[in-house]
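> Next one to model:
(one chain, ligands or ions: 1)
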Amino acid sequence: MLELEKLSVNYGPVRAVNEISLTVGAGEIVALVGANGAGKSSTMKAIVGLAEATGSIRFDGKDISETSSTQRVGDGIALSPEGRHVFAQMSVLENLQLGTVARTQSRQAALVEEMFELFPRLRERSTQRAGSMSGGEQQMLAIARALMSEPKIFILDEPTLGLAPIIVDQIAELLVKLRQRKLGLLLAEQNAEMALEMADRAYVMETGAIVKEGPSATIAADPAIQKAYLGF
Ligand code: ATP
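Predicted structure coming up:
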């Protein structure tokens with residue numbers, strides 16, 4: 001469903017992503033593993049049109065590399081960026097509603113209901129100010145808000161960063177539910193253990209390039225990967 005070919009991202013003279021190619025299919029979880037600064041976030045931003053890139057980005061068979069980020073969201077690509085960007089002064093419900101500005105009220109209400117089923121905790125806290133919730137709850141809200149745009153491809157940048165193990169488990173469960181809905185998931189994680197356990201396939205990024213790719217189990221069994229990313 002999503003196909004990158006020779007995608008590069010430059011920030012002035014800095015080449016953050018160097019001609020990478022990767023694919024994500026419907027109902028597939030794909031992990032993007034790599035150290036801090038390897039280029040994962042830049043790749044993700046480029047896919048949604050928030051970082052200028054060269055090379056080709058195809059979605060559902062169409063080249064989208066010249067389209068606006070608004071258009072890409074409309075087409076069905078959503079990004080949950082690193083760092084839980086919720087609107088702290090707004091309620092949980094208002095945050096969710098902001099994820100779907102272009103829809104009818106009844107459709108919006110149905111989507112909010114769907115998110116409350118997926119994240120029961122958010123229903124309990126629907127009138128609470130987002131900024132007063134725990135880090136884990138804010139992350140759930142950030143994910144739910146991105147899902148309000150009804151994506152076919154969902155890109156998650158470091159969803160578990162700084163969260164307690166129990167919340168990490170809840171996010172992992174959520175990803176499995178999303179896969180069952182036939183969403184394609186691209187997951188960037190410094191928590192390589194969790195990402196490789198969840199994912200069907202994985203790409204390993206180092207200094208802007210993909211240095212390894214394959215089924216997650218194969219990547220996780222690779223001694224060099226174990227040493228570099230899994231702490232063996
Ligand atoms: P992290 O997990 O820390 O976000 P990452 O793998 O996502 O790391 P990127 O954030 O994509 O990596 O960064 C890749 C490279 O691009 C790094 O060298 C970084 O310093 C550089 N970089 C990222 N954003 C910018 C920017 N806006 N301007 C200049 N350089 C940038």
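
> Which residues of this structure lie near the ligand?
Listed as neighbours of the ligand in the chain under the rule Cβ under 6 Å from any ligand atom: 11, 14, 16, 34, 36-42, 82, 190. Heads up, the C-betas are built off the backbone N, CA and C, glycines and all.

> Mind jotting down where the strands sit in this structure?
Assigned by DSSP state E, the chain shows strands spanning 2-11, 14-24, 29-34, 53-59, 62-63, 77-80, 153-157, 184-189, 201-206, 209-215.

> what's the angle between the third one and strand 201-206?
What that stands for is strand 29-34. 20 degrees (axes from the mean of the first three to the mean of the last three Cα atoms, to 10 degrees).

> by contact count, what packs against strand 29-34?
The contact analysis (3 or more Cβ pairs under 8 Å, 6 or more residues apart in numbering; DSSP states H and E) places strand 29-34 against strand 14-24, helix 40-48, strand 184-189, helix 192-198, strand 201-206.

> okay, that strand in CSV with CA atoms only?
C-alpha atoms of strand 29-34 as CSV (Å, rounded to 0.1, in the frame of the first residue of the first chain):
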residue,chain,number,x,y,z
ILE,A,29,3.2,-4.0,10.9
VAL,A,30,6.6,-2.8,9.7
ALA,A,31,9.3,-1.7,12.2
LEU,A,32,11.9,0.9,11.5
VAL,A,33,14.6,0.3,14.0
GLY,A,34,17.7,2.5,14.5
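
> Quickly run through the sheet partners of that strand, with directions.
Within its sheet, strand 29-34 is paired with strand 184-189 (parallel), strand 201-206 (parallel), according to DSSP bridges.

> Check the shortest one too.
Each strand that strand 62-63 pairs with, and the sense of that pairing, follows from DSSP bridges: strand 53-59 (antiparallel).

> and if you look at the second one?
In the sheet containing strand 14-24, the strands it pairs with under DSSP bridges are strand 2-11 (antiparallel).

> what's in contact with the partner strand?
15-24, 39, 42-43, 45-47, 51-59, 77, 153, 184, 186 (Cβ atoms under 8 Å, 6 or more residues apart in numbering).

> Switch the residues of the chain next to the ligand over to a markdown table; also include distance to Tyr229, neighbour count and pLDDT.
Formatted as a markdown table, those follow (distance: Cβ to Cβ, whole Å; neighbours: other Cβ atoms under 10 Å; pLDDT from 0 to 100):
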| residue | distance to Tyr229 | neighbour count | pLDDT |
| --- | --- | --- | --- |
| Tyr11 | 25 | 11 | 94 |
| Val14 | 23 | 9 | 92 |
| Ala16 | 20 | 21 | 96 |
| Gly34 | 8 | 25 | 90 |
| Asn36 | 12 | 7 | 87 |
| Gly37 | 14 | 13 | 89 |
| Ala38 | 11 | 23 | 92 |
| Gly39 | 15 | 26 | 94 |
| Lys40 | 12 | 26 | 94 |
| Ser41 | 17 | 23 | 94 |
| Ser42 | 19 | 24 | 96 |
| Glu82 | 18 | 18 | 85 |
| Gln190 | 8 | 17 | 80 |
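
> Including distance to Gln108, could these go into a markdown table?
Below are those laid out as a markdown table (distance: Cβ to Cβ, whole Å):
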| residue | distance to Gln108 |
| --- | --- |
| Tyr11 | 37 |
| Val14 | 41 |
| Ala16 | 36 |
| Gly34 | 37 |
| Asn36 | 38 |
| Gly37 | 38 |
| Ala38 | 38 |
| Gly39 | 36 |
| Lys40 | 32 |
| Ser41 | 30 |
| Ser42 | 32 |
| Glu82 | 27 |
| Gln190 | 34 |
